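Participant: Sharing a model that was predicted from the sequence below.
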Amino acid sequence: MIFIDSNVIIAYKNADDINHDRSASIFQQLSDGIYGKGIISEFIFIEVTTVLALKRNLQSAKEVGIILLNAADIEIIKASDVFEKAWSIFINQRNTKFSFVDASNLACMELKEIKNIATFDKDFLKIKSVNVIRE
């Protein structure tokens, strides 16, 4: 399994994004079954659809939302399943600058025992227990 951060999904939808080609490579690997099932959380879903609606348009947000909700190879973890663990990670961080959503990513990864994360966020490189996939 691989956890997919919002920045990878957003870059994939936006051909002008500096990380678009890298995200396309990650999604191709996911499609090829290299990492198994892709995992996101409701927090990621919210972040992706909000950013796309604000930076692109509502139609882009709807399209991606529908794809994520219907994708057979992507599982969405309920926010309520990881909220307390995410809060604990968020308030106890020392050498990172994780947002609450980033902390929830780590909580999801712990819950599902996931070692791989597709992200362009460099703070995840500081976490020794995860393998950061950047392309």
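Facilitator: Yep, that arrived.
Participant: Give me the pLDDT for residue 87.
Facilitator: pLDDT for residue 87: 97.
Participant: Strands along this protein, start to end?
Facilitator: Using DSSP state E, the strands of the chain run over residues 2-4, 38-41, 74-77, 116-118, 131-133.
Participant: May I see these organised as JSON lines, with mean pLDDT, mean neighbour count and distance to residue 47 added?
Facilitator: Every C-beta, even on glycine, is put in place using the N, C-alpha and C of the backbone. Output for the strands of the chain, formatted as JSON lines (pLDDT from 0 to 100; neighbours: other CB atoms under 10 Å; distance: least, CB to CB, whole Å):
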{"stretch": "strand 2-4", "mean pLDDT": "97", "mean neighbour count": "25", "distance to residue 47": "12"}
{"stretch": "strand 38-41", "mean pLDDT": "97", "mean neighbour count": "24", "distance to residue 47": "9"}
{"stretch": "strand 74-77", "mean pLDDT": "96", "mean neighbour count": "18", "distance to residue 47": "13"}
{"stretch": "strand 116-118", "mean pLDDT": "97", "mean neighbour count": "23", "distance to residue 47": "14"}
{"stretch": "strand 131-133", "mean pLDDT": "94", "mean neighbour count": "17", "distance to residue 47": "18"}
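Participant: Tabulate those in TSV, adding columns for distance to residue 51.
Facilitator: Converted to TSV, the strands of the chain look like this (distance: least, CB to CB, whole Å):
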stretch	distance to residue 51
strand 2-4	14
strand 38-41	14
strand 74-77	17
strand 116-118	16
strand 131-133	21
